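*Asks:* okay, predicted coordinates and the sequence, questions at the end:
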Amino acid sequence: MKRILFIIALGSSALLQAQDTISMTLSEAFNYAKQHNGTYLNAQKDVLLSNETVRQTVAIGLPQISATGSYQQFLTVPGSWIKNFVTAPGAPDYIFLKFQQEFVSSANVAVNQLLWDGSYLVGLQATGEFVKMSKLAEAKSLRDLENNISKAYITAVSTQKNLDLIETNMRLLERSLFEVSQLNKEGFAEKLDVERLELNLANLKLQRQKLQNAILVTVNLLKMQMGMPMETQLKLSNNLDQLESTINLSDADVSNFSSANRIENRLLEQAIILSKLDQKRYKFSALPSLFAFYQHQESTQRPEFNFFKSNLTVNNSWVPSDVWGLSLRMPIYGGGATRSKIRETQIKIEKAQNDLSTFQRYATLEYQNSKNTYLQNLQSVEIQKQNLALAQKIYDKSMAKFKEGVGSTLEITQAEAELRTANNAYLNSLYDLLVSKIELKSAIGQSINQ
């Protein structure tokens, strides 16, 4: 029974561990980040907020209906002294009369409607442009997220590939060390040859340890960008060669540049549009505003609290009243504040136009630099691939010579170091090529998935 329980426990542990491990391609990492990255989720919330701002602005121009009710009881009923109109003998000169009843109640329904307000009409137009602004900001947030996820994913994959190469080299070196050790025991190899291989193996083990720690750091960075819990075990499905073919960049894309395709350019243009509408709103605020209103009121004054009684006398009745009218507001003088605000918005417009011109020049420079870097890295990958093939050929020949007894461990060690260096150089060039692809796509205003 103990053995069965132990097996069940091991199986459950393995199942839980398998459930906690998630394998993802770069595309799947994108999709996960869209649903969990806090910055991008907030950008989506900003779009929803801008839609609510539109509804609130539209509501200002719709009928505004309100109802009020009041109830009062005078603890001391007010009155007035008036000259006595009775001229009988002994009558006082003044008498105190109360014109107010002790209990007063009223109910009121009011309707107000904006008929004309220039600043409101401009505000309606501005809300639509504000929604466009928030959607552009959402698109920029998504593009930044894709760039960050791509770079973090590529870094993690590249680090893992370096670790794989180190472990491959370690296996080759361990095999060589075993063979040389056997030859040394038989007197066909020197002890110095064995020690050289042991030293190289120790250095590779140290590099492996550093890379294992680097993998933890890079994968955790990727999980943070994705919005994934740190305790989740993440496995990356794509290798560097797959990523290189996934992130497409044609010759037409490389030569197709216009700063107008950049989201930043559209954001700056949208900021200018909003500033101009803001200026227009201030100008229209100097025009008159026209409102219409209607009010219906019911009121009653009673000498006693009899609101829940029926068959009352006519003096207890509710008295209705209706009124409607127009209200015109004409700004005459506001101390020069409106003119100052108009000048202020004009300065902001000019600043935004300067920012747009500066960005366009910067975007052109960024495109040219990223294009040159990409073309250079593209050539570098081909050269490093040839160097890697040559280093592998040299290593294979060195091993063959040593096995035939005409080579030395020093020659093997040197060939192994050259092969490792060539592998690292090729991986680094491939990593640089992928990053330059991402940066060039960003410079020409393309999404990673395009």
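*Replies:* Looks like it came in fine.
*Asks:* quick one: low-confidence parts of this structure?
*Replies:* Applying pLDDT under 70 to the chain flags the ranges 1-20, 409.
*Asks:* distance of residue 342 relative to residue 284?
*Replies:* Distance, residue 342 to residue 284, by C-beta to C-beta, to the nearest Å: 11 Å. For every residue, glycine as well, the C-beta is placed using N, CA and C.
*Asks:* which stretches in the stretch 201-350 of the chain count as helices?
*Replies:* Using DSSP state H, counting those that start in this stretch, the helices of the stretch 201-350 of the chain run over 240-246, 251-255, 263-284, 337-403.
*Asks:* need the winner for burial among these.
*Replies:* helix 263-284 (a mean of 18; mean count of other C-beta atoms under 10 Å).
*Asks:* now the strands: where do they sit in this structure?
*Replies:* With DSSP state E as the criterion, the chain has strands at 21-24, 64-73, 80-83, 94-97, 103-116, 233-236, 289-302, 319-329.
*Asks:* of all those strands, which one is nearest residue 423?
*Replies:* Closest approach to residue 423 among the strands of the chain (C-beta to C-beta): strand 233-236, 19.3 Å.
*Asks:* outside of the closest one itself, list whatever touches it.
*Replies:* Strand 233-236 has contacts (C-beta atoms under 8 Å, 6 or more residues apart in numbering) with 17, 20-24, 153, 156-157, 160, 219, 222-223, 228.
*Asks:* redo those residues as CSV? Include neighbour count.
*Replies:* Listed next are those as CSV, based on neighbours: other C-beta atoms under 10 Å:
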residue, neighbour count
17, 10
20, 12
21, 11
22, 14
23, 10
24, 19
153, 25
156, 23
157, 25
160, 20
219, 23
222, 24
223, 23
228, 20
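*Asks:* looking at the protein, which residue reaches furthest from the middle?
*Replies:* Distance from the C-alpha centroid of the chain, by C-alpha atoms, centre = their mean, peaks at residue 89 (93.3 Å).
*Asks:* and that residue, its phi and psi?
*Replies:* With angles defined as degrees, to the nearest 10, residue 89 shows backbone torsions of phi -60, psi 140.
*Asks:* hey, where'd the helices end up in the stretch 51-200 of the chain?
*Replies:* 118-185, 191-226.
*Asks:* any chance of a markdown table for the helices of the stretch 201-350 of the chain, columns distance to residue 207?
*Replies:* As requested, the helices of the stretch 201-350 of the chain are exported to a markdown table (distance: least, C-beta to C-beta, whole Å):
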| stretch | distance to residue 207 |
| --- | --- |
| helix 240-246 | 19 |
| helix 251-255 | 36 |
| helix 263-284 | 41 |
| helix 337-403 | 18 |
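*Asks:* go ahead and confirm residue 304 touches residue 102.
*Replies:* Yes - using C-beta atoms under 8 Å, residue 304 is in contact with residue 102, at 7.2 Å.
*Asks:* the more surrounded of those two?
*Replies:* residue 102 (16 against 10; other C-beta atoms under 10 Å).
*Asks:* can you tell me the closest non-neighbouring residue to residue 445?
*Replies:* Spatial nearest neighbour of residue 445, chain neighbours left out: residue 261 (3.4 Å); criterion: C-beta to C-beta, 6 or more residues apart in numbering.
*Asks:* right, and the one you found touches residue 444 too?
*Replies:* Yes - using C-beta under 8 Å, residue 261 makes contact with residue 444 at a distance of 6.5 Å.
*Asks:* these two: who's more crowded?
*Replies:* residue 444 (22 against 14).
*Asks:* skipping its backbone neighbours, what lies nearest the more buried one in space?
*Replies:* Computed as C-beta to C-beta, 6+ apart, the closest residue to residue 444 that is not its neighbour in sequence is residue 257, at 5.1 Å.
*Asks:* what's the answer for residue 322, then?
*Replies:* With C-beta to C-beta, 6+ apart as the criterion, residue 322 has its nearest non-adjacent residue at 5.1 Å, and that residue is residue 296.
*Asks:* for that neighbour, name its beta-bridge partners.
*Replies:* Counting by DSSP bridges, residue 296 is bridged to residue 109, residue 322.
*Asks:* ok, now how distant is the spatially closest residue to residue 355 that is not a sequence neighbour from residue 356?
*Replies:* Computed as C-beta to C-beta, 6+ apart, the closest residue to residue 355 that is not its neighbour in sequence is residue 268, at 5.7 Å. Plainly put, residue 268 is 4 Å away from residue 356 if you go by C-beta to C-beta.
*Asks:* do residue 23 as well
*Replies:* Taking C-beta to C-beta, one finds residue 23 at 44 Å from residue 356.
*Asks:* I'd say residue 154 and residue 243 touch.
*Replies:* Yes - under the criterion of C-beta under 8 Å, residue 154 makes contact with residue 243 at 6.1 Å.
*Asks:* which residues are common contacts for the two?
*Replies:* residue 434.
*Asks:* re the thing from before, out of the contacts of strand 233-236, which comes closest to residue 77?
*Replies:* Distances from residue 77 to the contacts of strand 233-236, taken by C-beta to C-beta, are shortest for residue 228, at 74.4 Å.
*Asks:* got phi/psi on the closest one?
*Replies:* Taking degrees, to the nearest 10 as the convention, residue 228 sits at phi -90, psi 140.
*Asks:* help me confirm that it comes into contact with residue 28.
*Replies:* No - counting by C-beta under 8 Å, residue 228 stays clear of residue 28, with 11.5 Å between them.
*Asks:* surely residue 127 meets residue 59?
*Replies:* No - using C-beta under 8 Å as the test, residue 127 is too far from residue 59 to be in contact (11.2 Å).
*Asks:* the more surrounded of the two?
*Replies:* residue 127 (18 against 10).
*Asks:* OK, contacts around the more buried one?
*Replies:* Neighbouring residues of residue 127 by C-beta under 8 Å, 6+ apart: 50, 53-54, 57-58.
*Asks:* among these, who's most crowded?
*Replies:* In these, the most neighbours by other C-beta under 10 Å go to residue 50, 20 neighbours.
*Asks:* just give the nearest non-adjacent residue to that one, would you?
*Replies:* In space, and not counting its chain neighbours, residue 50 is closest to residue 134: 4.0 Å by C-beta to C-beta, 6+ apart.
*Asks:* that's all I had, so thanks and see you.
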